[in-house]
Structures are given as structure tokens and as C-alpha cells.
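S.K.: My questions concern the predicted model and sequence given below.
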Amino acid sequence: MKNVLITGAGRGIGAATARLAAAQGYGVAANYVHDEAAATALVDEITASGGRAVAIRGDVASESDILAMFETTLRELGTIDALVTCAGVSGGVSRVEDLRADALQRVFAVNVIGTILCAREAVRRMSTRHGGAGGAIVTLSSAAAKIGSANEWVHYAATKGAIDSFTLGLAREVGDEGIRVNAVAPGLIATEFHANAGAPDRLERLRSTVPMQRDGSAEEVADAILWLLSDHSSYITGAVIPVTGGR
């Protein structure tokens with residue numbers, strides 16, 4: 001049985017990915033940082049359905065938390081065969097001229113540095129160069145990386161542009177070491193992310209800009225993630241798959 005570590009698995013896309021991964025036979029390490037109740041409920045749901053799952057608290061902006069998260073996953077599940085980096089923050093809705101330095105530092109610490117450090121630890125364990133059996137990594141980009149998100153969160157879009165570059169570079173770096181690295185780039189997805197960013201009306205306000213004229217669901221993004229983890233995408237690496245309804 002394969003095991004997957006999913007950061008930011010307590011809610012939204014991360015939780016949907018955890019449920020689908022468990023349904024497809026993965027053991028799931030569900031990382032969360034604040035909402036222990038939600039993560040515990042998710043794990044209980046998976047185990048009640050006959051799956052294997054463990055909730056692991058950790059802030060991906062902290063290297064020590066990341067190291068502990070990987071060690072706990074190995075101790076509880078035995079192997080790490082896949083990594084999905086769903087943990088992310090918006091940094092709040094703001095024009096660039098109004099950005100606070102602490103908000104900017106936090107959004108880069110979580111979205112970029114946290115993703116890179118998690119990928120580093122995954123490579124150290126998966127790479128055939130280090131005696132591993134290979135594996136797959138899926139990072140979370142965003143349509144914002146291409147749109148720019150002016151007047152909302154240019155800072156957030158910039159972190160996702162960094163993820164696109166990192167995904168491509170890492171894919172080429174470890175392509176002959178048994179590891180595939182890809183990203184999904186969600187568009188307007190119906191989760192709590194928008195309200196938590198301070199824009200509860202964002203889905204309604206921007207829905208008309210989507211060619212399919214509707215929001216996407218977390219489950220639709222999870223479908224793309226699990227496809228990228230699977231053997232059905234065995235010759236795909238370095239790709240950024242848009243899940244945007246054409247936006």
C-alpha cells in the first residue's frame with residue numbers, strides 16, 4: 001500500500017484530496033496547523049470507512065515542524081510514497097502599496113519556503129539516489145500565477161509563480177531518480193479560502209469571468225491531483241495542470 005503526506009489537509013482542497021486518496025487505497029498523513037477538530041474528524045471519517053490515516057499538526061513555515069511531520073509519517077505509516085503540498089495562505093486582500101511586511105513574509109514562508117522544504121524532505125526519502133523507491137510530488141499553484149490578481153493579491157500570485165518555477169526545476173532535477181513532480185493550478189474554487197482571505201463575496205463577484213460560468217469544487221481539484229499521483233500520468237512531469245473552468 002502506498003502512503004501520501006498531504007499538507008493543509010484539514011479543510012478545502014487538502015481535505016478533499018485526503019478523502020479521495022484514502023478511497024483509492026492510500027494511507028494518508030493529514031497535516032494541519034490550527035483546526036485540530038477538523039483534522040481529527042477527517043481521520044475518523046477515513047478510518048471508519050476502512051482506510052488508514054493519521055492527523056499530524058505542524059506549521060509548514062517552520063523547518064522543525066516539517067522535519068517532525070515527516071518523521072511522524074514514517075513512524076505511523078511506514079513509507080512516504082507521495083507528497084501533496086496543499087498548505088497555503090493568501091496574505092489577505094490588499095493592493096501592493098498597502099502590503100505589510102509581516103504579511104508578505106508569512107505568505108512567502110508558507111507558500112514558497114514551506115513547499116520547497118517539504119519537497120526537499122520528500123526527495124531525501126523517495127529519490128533512488130538516496131536509496132528510495134521513487135515517488136510523486138504534486139504542488140499547489142494557482143490560476144493567479146498567470147492572471148496576476150491585480151487589486152486583490154498580487155503578493156499571493158507571486159508565490160504561485162514561484163511554485164510554477166520550482167515545480168519545473170525540481171521535476172528536471174529528479175526526473176532520473178524515480179520522482180515525478182507536477183502542479184495543479186486551481187481557479188475559482190468554492191472553499192473557505194476566499195472568506196478567510198477577507199473576501200467572502202469573491203466567488204459571486206468573479207463567477208461571470210469563468211467561461212464555464214460556475215465555481216469549481218475541491219473534489220474536482222482532488223481528482224486532478226490523484227491523477228497526477230497515479231500511474232495514469234506516468235510520463236508526465238514538470239507540468240502545471242490548470243483546473244480553472246477555462247479562466
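M.R.: Looks like it came in fine. Numbering: from 1, shown residues only.
S.K.: quick one: the longest helix anywhere in the chain to chain centroid distance?
M.R.: When the chain is parsed with DSSP state H, its longest helix is helix 154-174. Its chain's average C-alpha position is 12 Å from that of helix 154-174, according to C-alpha atoms, centre = their mean, to the nearest Å.
S.K.: Who are the packing partners of the next helix or strand after that helix?
M.R.: Sequence order places strand 179-186 as the next helix or strand after helix 154-174, per DSSP states H and E. The helices and strands touching strand 179-186, judged by 3 or more C-beta pairs under 8 Å, 6 or more residues apart in numbering; DSSP states H and E, are helix 115-126, strand 135-140, helix 154-174, helix 218-229, strand 240-243. All C-beta spots, glycine's among them, are computed from the backbone N, C-alpha and C.
S.K.: Of the ones you listed, which is nearest Thr73?
M.R.: With C-beta to C-beta as the measure, helix 115-126 is the member of those nearest Thr73 (9.4 Å).
S.K.: In that closest one, which residues are buried?
M.R.: Going by neighbour count (16 or more other C-beta atoms under 10 Å), the buried part of helix 115-126 is 115-119, 121-123, 125-126.
S.K.: need the helices and strands packed on strand 179-186 in a markdown table with distance to Ala22 and mean pLDDT, can you?
M.R.: Compiled in a markdown table, those are given as follows (distance: least, C-beta to C-beta, whole Å; pLDDT from 0 to 100):
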| stretch | distance to Ala22 | mean pLDDT |
| --- | --- | --- |
| helix 115-126 | 19 | 98 |
| strand 135-140 | 16 | 98 |
| helix 154-174 | 25 | 98 |
| helix 218-229 | 11 | 98 |
| strand 240-243 | 20 | 98 |
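S.K.: Return the closest of the buried residues of helix 115-126 with respect to Gly78.
M.R.: Arg125 (11.5 Å).
S.K.: wouldn't the closest one be in contact with Gly132 here?
M.R.: Yes: the pair Arg125 and Gly132 qualifies as a contact (C-beta atoms under 8 Å) at a distance of 5.6 Å.
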